[in-house]
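[1] Following is a predicted model, sequence given first.
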Amino acid sequence: MPRTQIEPQFIVEHLSILDSDGNLDSALEPPIAPDELKRLHRAMLLGRRFDERMLRLQRQGRIGTFAPIKGQEAAQIGSVAALRRTDWMVPSFRETASMLWRGWTMEKLLLFFAGYLEGGQPAPEQRDLPICIPVATQLPHAVGLAYAAQYRGDDAVVMAYCGDGATSEGDFHEAMNFAGVWHVPMVFLIQNNQWAISIPFKKQTHSRTIAQKALAYGFPALQVDGNDLLAVYAATREAVERARRGEGPTLIECVTYRLGVHTTSDDPTKYRSTEEVQAWERKDPLTRFGAYLQKRNLLAAGLEEEVDAEIARAVAAFEAIGPPDPLAMFDHAYAKRTAPLEGQRAEMQARLARAPDAAPGPVAPAPPAAGAEGAAGTAPSEGQSPPMRGQRRPWRS
Amino acid sequence: MAKLNMVKALNLALLQEMERDPDVLVIGEDVGVDGGVFRVTEDLHRKFGGTRVVDSPLAEAGIIGASVGMALYGLKPVCEIQFSGFAFQCFHQIENHVARYRMRSQGRFGCQMVVRMPYGGGVRALEHHSESEEQFYAHVPGLKMVIPSGPRNARALLAAAIRDPDPVIFFEAKALYHAAKEDVPDEIETMEIGRARVDRPGADLTLIAYGAMVRVAREAAEQLHAESGAEVEIVDLLTISPLDRETVAASVRKTGRAVVVHEAPRSFGPGAEIAASIMESAFLSLEAPVRRVTANDLPFVGFARERANVPDVPRVLAACRETLAF
């Protein structure tokens, strides 16, 4: 029997519209109204400035660890802008700019990173999932949302974010497979920022692109210059429209770069060179899009000051929030508190009533000195006979 | 009223809940055309079609993860994991997401879903097809863990689980699927999740069991009564978590003696939590230490040796005799 070819040769396309030198392929330039261009630019700038502000707040101990987005603003805003309010957005944990665009307030995000679960609560009508920390595990949820939308006859599209590292996880592949088989209205938006903490893209996969992985699951993909807002926007729009027409999922790989740290606990100088970072700084998505707007005379004066003032108001509002009520921790584990939880809540309530000052604030109190607890449990002195059955030994003899 | 075995009783619950509520879906491996490897979903595909009775690709994390998304949207998926031994391939989805979405979103989203899994031994099956893993789920805050002991309560509890706004892990003892038939009412019946049931009243010793072990407990209680006249009270937990501490405590306050039986390995198993709960609630009533009759702390031992490992009537009897004589 002969060997025959059973699959066509796949082609992976790469899309770039505005390069880092400001050259524009005007044939590919997406039709975006000037006001919308200004709005996109402002959103990218807000993402960048808020990120920088959060980094300082973290360094000052006013919020906890978070994952900065610097360098990925075009990948996030270019993609999220293609969604309608009634579509669903499924983030991972590095989508601050996308989340702000979708209506998450800065106060809420600050609360979240200050350790308050209240910061992870989407508004009642908001079709966004909260931040998801275990890598790639949010992707099957997006498939389920898209299935449910289709089931209910709702024309919503679901966009799920993940990074290059996530493409090694089983959940990525299971989600891709389910999405393909079920033909759901979904966009996988991969921000390939080249580094999963210290692991470079080349060590993450032997595939030349992430885009090609979708082809194995039977749906199309496109690789785009992720620092080119116009390219990301054009590609995502196409994918969202396809999904809405009932033509199934698409994967978009945004080739971008994490200019900053993985999280605020990371030191990237250990694993990558300054030259590499500098090379990518020259491809900064904000500079590039700013120059494009400048040429089109759309750059508003005083925008940075305006954005900074908005951030300052949000930080002030966040810092005005009082200490957390410890008892509220029992409110949302179940729809209705279970009997064991009622008991544990009552225990805490009684403890707080006895010593209201013992209620832990947002910052953990210093641990008690060694030996402060457990000292009461003294062993019985030698020579004492063990108690007979039914005879209770007093605590102090 | 019809005499049904547990498979048919569970099937009836699914059928009636699906008829009642168009948001209820069934999803899993081979649950559609094939009707499930144990036939629990038989005929549902024919009645409701492939978009409501979903034959999924073979991937447990995908099944649970996609069901999470469906539940967040507002559907009520009932997932089937073919054997509880395979659920570790979706345990991360259950622990990280199913259990936590309500808390993480501070009530904005809930995960109203049921994860059905056949569990337990006694069916001469290979590794991963015979184990009891309820302790993993009972330990996870945000989940409810239910294990019925017979056709009628299986049907009523499954209907209640489907309606529960919180996620329920629903274990079905394979050994009970075809073990007995019971009268099951035709009209819809539910039972409250979180409530144990006194299966047999008695004054001398409390025997706490659930799932397939309730049968073993009943037989031991009969034999003990025949040989010594001792009256054993059996508490059938039905819900492992949240544990019905009140029913257990009330029984032990009356009898003063307690033996816990489960198929799961002993250390850190449900028996430990039940014993601790008795210490907290009925310490002064105890006439003897709480005993546990369980499997040993071993990985799967092979079904040729399974009967020596999983609790049986003689072991339960011996533990009861020693507790009475203490």
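    Right, received. Where do you want to start? Residues are numbered from 1 along each chain as shown, chains lettered A, B, ... in the order given.
[2] And stretch A:221-231, end to end?
    From its first residue to its last, stretch A:221-231 covers 14 Å (C-alpha to C-alpha, to the nearest Å).
[3] Need the mean per-residue confidence for that stretch.
    Stretch A:221-231 carries an average pLDDT of 98.
[4] how far is it from where the chain is centred?
    From the chain centre to the centre of stretch A:221-231 is a distance of 19 Å (C-alpha atoms, centre = their mean, to the nearest Å).
[5] Quickly list what B:Val235 is bridged to.
    On the basis of DSSP bridges, B:Val235 is bridged to B:Val198, B:Ile208.
[6] pretty sure B:Glu29 is touching B:Ile63, no?
    Yes - applying C-beta atoms under 8 Å as the test, B:Glu29 and B:Ile63 come out as touching, 7.4 Å apart. For the C-beta atoms, the positions are set from N, CA and C on the backbone; glycine is no exception.
[7] Can you name the residues of the stretch 1-150 of chain A sitting close to chain B?
    Within reach of chain B by C-beta under 8 Å from any C-beta of the partner chain, the stretch 1-150 of chain A has these residues: A:117-118, A:120-124, A:129-130, A:132, A:134, A:137, A:139-149.
[8] cutoff 6 Å now
    The stretch 1-150 of chain A comes close to chain B at residues A:117-118, A:120-122, A:130, A:134, A:137, A:140-141, A:143-145, A:148, as judged by C-beta under 6 Å from any C-beta of the partner chain.
[9] Quick check: A:Arg237 vs chain B, distance?
    Here the criterion is C-beta to the nearest C-beta, to the nearest Å. By it, A:Arg237 lies 23 Å from chain B.
[10] Count the neighbours of that residue for me.
    Neighbouring residues of A:Arg237 were enumerated by other C-beta atoms under 10 Å in any protein chain shown; the total is 17.
[11] Would you verify that it is located in a helix?
    Yes - counting by DSSP: H, G, I helix; E, B strand; the rest coil, A:Arg237 falls inside a helix.
[12] Enumerate every residue touching it.
    Residues in contact with A:Arg237 (C-beta atoms under 6 Å, 6 or more residues apart in numbering or on different chains) are A:Ala82.
[13] One more pass at 7 Å, please.
    By C-beta atoms under 7 Å, 6 or more residues apart in numbering or on different chains, the contact set of A:Arg237 is A:30, A:82.
[14] Nearest spatial neighbour of A:Asp225, chain-adjacent residues omitted?
    A:Ser16 (4.1 Å; C-beta to C-beta, 6 or more residues apart in numbering or on different chains).
[15] give me the number of residues near the one you found?
    18.
[16] how about the helices in the stretch 101-250 of chain B?
    B:101-104, B:134-138, B:151-163, B:213-228, B:245-255 (DSSP state H, counting those that start in this stretch).
[17] Just name the most buried of these.
    Using mean count of other C-beta atoms under 10 Å in any protein chain shown, the stretch among those with the largest mean neighbour count is helix B:151-163, at a mean of 25.
[18] one step back: and for B:Glu29 and B:Ile63, which residues touch both?
    Common contacts of B:Glu29 and B:Ile63 (C-beta under 7 Å, 6+ apart): B:Ser56.
[19] Could you check which of those two is surrounded by more residues?
    Using other C-beta under 10 Å, the more surrounded residue of B:Glu29 and B:Ile63 is B:Ile63, with 31 against 20.
[20] quick one: the helix or strand containing the more buried one to chain centroid distance?
    Using DSSP states H and E, B:Ile63 sits within helix B:60-73. Relative to the centre of its chain, helix B:60-73 is centred 22 Å away, using C-alpha atoms, centre = their mean.
[21] which secondary structure elements does the following helix or strand past that helix contact?
    On the C-terminal side of helix B:60-73, the nearest following helix or strand under DSSP H and E is strand B:76-80. Helices and strands in packing contact with strand B:76-80 are listed as strand B:24-28, helix B:60-73, strand B:114-119; criterion 3 or more C-beta pairs under 7 Å, 6 or more residues apart in numbering or on different chains; DSSP states H and E.
[22] right, and the residue nearest to A:Asp225 touches A:Leu230 too?
    No - A:Ser16 is beyond contact range of A:Leu230, at 9.0 Å (criterion: C-beta atoms under 7 Å).
[23] measure the residue nearest to the spatial centre of chain B to A:Leu55 for me?
    For chain B, B:Ile147 is the residue whose C-alpha lies nearest the centre (C-alpha atoms, centre = their mean; 1.5 Å). Per C-beta to C-beta, to the nearest Å, B:Ile147 is found 50 Å from A:Leu55.
[24] just B:Tyr101 next, same as before
    Relative to A:Leu55, B:Tyr101 is positioned 29 Å away (C-beta to C-beta).
[25] before we move on, what about B:Leu4?
    According to C-beta to C-beta, B:Leu4 and A:Leu55 sit 63 Å apart.
[26] Now for B:Ala179: which residues touch it?
    Counting by C-beta under 7 Å, 6+ apart, B:Ala179 makes contact with B:Arg215.
[27] same thing but 8 Å
    B:5-6, B:212, B:215 (C-beta atoms under 8 Å, 6 or more residues apart in numbering or on different chains).
[28] Am I right that A:Glu52 is in a strand?
    No - using three-state DSSP, the assignment for A:Glu52 is helix, not a strand.
[29] How many residues are close by the residue of the stretch 201-326 of chain B found nearest chain A?
    Closest residue of the stretch 201-326 of chain B to chain A, C-beta to the nearest C-beta: B:Pro242 (3.7 Å). Close neighbours of B:Pro242, defined as other C-beta under 10 Å, add up to 20.
[30] how many other residues sit next to the nearest residue to it once chain neighbours are set aside?
    With C-beta to C-beta, 6+ apart as the criterion, B:Pro242 has its nearest non-adjacent residue at 3.7 Å, and that residue is A:Thr338. By other C-beta under 10 Å, 21 other residues sit near A:Thr338.
[31] ok, now which ones touch A:Thr338?
    Residues counted as contacts of A:Thr338 (C-beta under 8 Å, 6+ apart) are B:144, B:194, B:242.
[32] In strands, which of the residues you listed fall?
    Counted as lying in strands by DSSP state E, out of the contacts of A:Thr338, are B:Lys144.
[33] Just put the contacts of A:Thr338 in a markdown table and tack on pLDDT.
    Converted to a markdown table, those look like this (pLDDT from 0 to 100):
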| residue | pLDDT |
| --- | --- |
| B:Lys144 | 98 |
| B:Gly194 | 98 |
| B:Pro242 | 98 |
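[34] Around chain A, pick out the residues from the stretch 151-300 of chain B.
    Of all the residues in the stretch 151-300 of chain B, those lying near chain A are B:165-166, B:194, B:242-246, going by C-beta under 8 Å from any C-beta.
[35] Below-threshold pLDDT in the chain: ranges please.
    In the absence of a named chain, chain A is used. Scanning chain A for pLDDT under 70 picks out A:357-390, A:392, A:396-397.
[36] any idea which residue sits dead centre in it?
    Nearest to chain A centroid, counting by C-alpha atoms, centre = their mean: A:Phe93, 2.3 Å.
[37] for that one, helix, strand, or coil?
    Taking three-state DSSP as the rule, one finds A:Phe93 in the coil state.
[38] For it, give its distance to A:Gln349.
    As defined by C-beta to C-beta, A:Phe93 lies at a distance of 34 Å from A:Gln349.
[39] How about B:Thr255?
    Distance from B:Thr255 to A:Gln349, counting by C-beta to C-beta: 33 Å.
[40] and what of A:Arg84?
    45 Å.
[41] all strands of the stretch 101-250 of chain A, in order?
    Using DSSP state E, counting those that start in this stretch, the strands of the stretch 101-250 of chain A run over A:158-163, A:186-192, A:195-196, A:199-200, A:221-225, A:250-255.
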